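**Student:** here is the input, now give the coordinates:
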Amino acid sequence: MVMIKTSSQKRLTSFYLGRKCIFCGKRKVCLTSRGYVKCSGCSKQKSLKMLRKELAVLVAFTEQRPAYQVASEHGLHYYTVSRIFKNLRDLIYYQCELEGKRLSGNIEIDEAYFGGKRKGKRGRGAAGKSVVLGLLERQGKVYTRVVDTITAEQLLSVIKAKTRKGSVFHTDTFKSYNSLHQFGKHFKVNHNQTLVDKNHNHINGIEGFWSYAKHKLYNYRGVSKANFPVYLKEMEYRYNHLSV
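**Tutor:** Okay, here's the model as predicted:
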C-alpha cells in the first residue's frame with residue numbers, strides 16, 4: 001500500500017491511525033492513496049468520503065433533522081437516508097425491549113393518547129388515536145407499550161410483566177388500575193381535585209415524559225399509526241439515555 005506524501009494527507013493518516021475499524025473493531029487503520037480507510041487487521045477498507053457522509057447521517061438522526069434535508073445537503077438519495085433512519089429506529093426498538101428490565105421501587109403509571117386527525121373528545125375515549133401505557137420508575141427509566149385497549153386485563157398484564165412484585169404503584173383513579181394492590185402498595189391521586197394530594201402522591205414524572213415525547217414527535221410533522229411504535233421507542237430511548 002502506497003501512502004500519499006503531502007503534509008495534509010500525512011496529518012489525515014495520523015488522525016485515523018488508532019481509530020477503530022468499523023468491520024472488526026481493531027484500532028489499526030490507515031488512509032490509502034485513493035482516499036480509503038483500510039484496516040491492517042481484517043484488510044477491509046471503506047471510502048473516507050462515504051464514511052464522512054454516513055457519520056453525518058447518524059449525527060442528523062440524533063438531531064432529529066428531516067431525511068429530505070440531510071439527503072439534499074450530502075448528495076444522497078432521500079430513500080437512502082430514510083432507510084438508514086428506519087433501520088436505526090428498528091434497532092432502537094429492539095434495544096429498548098432487550099434492556100427493559102423489570103421496574104421496581106416507586107412506579108408511576110398512566111396512559112396517553114397520540115395522533116388522530118378527528119376533532120372531538122380528548123383523553124380516554126378519543127377516536128382515531130394510538131393508546132400508550134407508560135411505566136416510570138422514579139429516579140430510573142421509563143417503559144412504554146402501545147396497547148389495543150385500556151381494559152384492566154390488558155393493562156395489568158403489561159404491568160405484571162414489566163414490574164417487580166412488592167413495588168409501590170402510583171396512578172390516577174382510573175378503574176382499570178383498581179386491582180393493582182395484588183402486586184404491591186397502590187396509591188391513587190384524584191386529578192379532579194389536585195395534581196399532588198396531601199400525602200404527596202402524584203404521577204407528575206410520567207406526565208412529564210408524555211410532554212417530552214409529544215414535543216419531540218412534533219418535529220416529525222406527523223407519524224403514521226403503523227410506524228408509531230418505533231417512533232415511540234425512539235422517544236423512550238432518548239429520554240432514558242440522552243435527555244439532560
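
**Student:** return the set of buried residues in whichever helix in the chain runs longest.
**Tutor:** When the chain is parsed with DSSP state H, its longest helix is helix 78-99. For helix 78-99, the neighbour count (16 or more other C-beta atoms under 10 Å) marks 81-82, 84-85, 88-89, 92-93, 96 as buried. For glycine as for every other residue, the C-beta is placed from the backbone atoms N, C-alpha and C.

**Student:** same check, this time on stretch 221-235
**Tutor:** Buried residues in stretch 221-235 (16+ other C-beta under 10 Å): 223, 228-235.

**Student:** what mean pLDDT does the longest helix of the chain have?
**Tutor:** Regarding helix 78-99, the rounded mean pLDDT is 93.

**Student:** tell me what it is packed against?
**Tutor:** The elements that helix 78-99 packs onto, with contact taken as 3 or more C-beta pairs under 8 Å, 6 or more residues apart in numbering; DSSP states H and E, are helix 48-62, helix 67-74, helix 228-237.

**Student:** ok, now with 10 Å
**Tutor:** With contacts taken as 3 or more C-beta pairs under 10 Å, 6 or more residues apart in numbering; DSSP states H and E, helix 78-99 sits against helix 48-62, helix 67-74, strand 142-147, helix 228-237.

**Student:** the third one pairs with which strands, parallel or anti?
**Tutor:** Taking DSSP bridges as the criterion, strand 142-147 sits next to strand 130-137 (antiparallel) in its sheet.

**Student:** so how far is the strand it pairs with from its chain's centroid?
**Tutor:** The chain centroid and the centroid of strand 130-137 are separated by 13 Å, computed with C-alpha atoms, centre = their mean, to the nearest Å.

**Student:** now the angle from that strand to helix 228-237?
**Tutor:** 20 degrees (axes from the mean of the first three to the mean of the last three C-alpha atoms, to 10 degrees).

**Student:** mind showing which ranges of the protein have poor pLDDT?
**Tutor:** 1-18, 100, 116-127, 198, 243-244 (pLDDT under 70).

**Student:** 90 instead, please
**Tutor:** Confidence mapping of the chain against pLDDT under 90 gives the ranges 1-41, 43, 45-55, 97-101, 115-129, 190-201, 218-225, 242-244.
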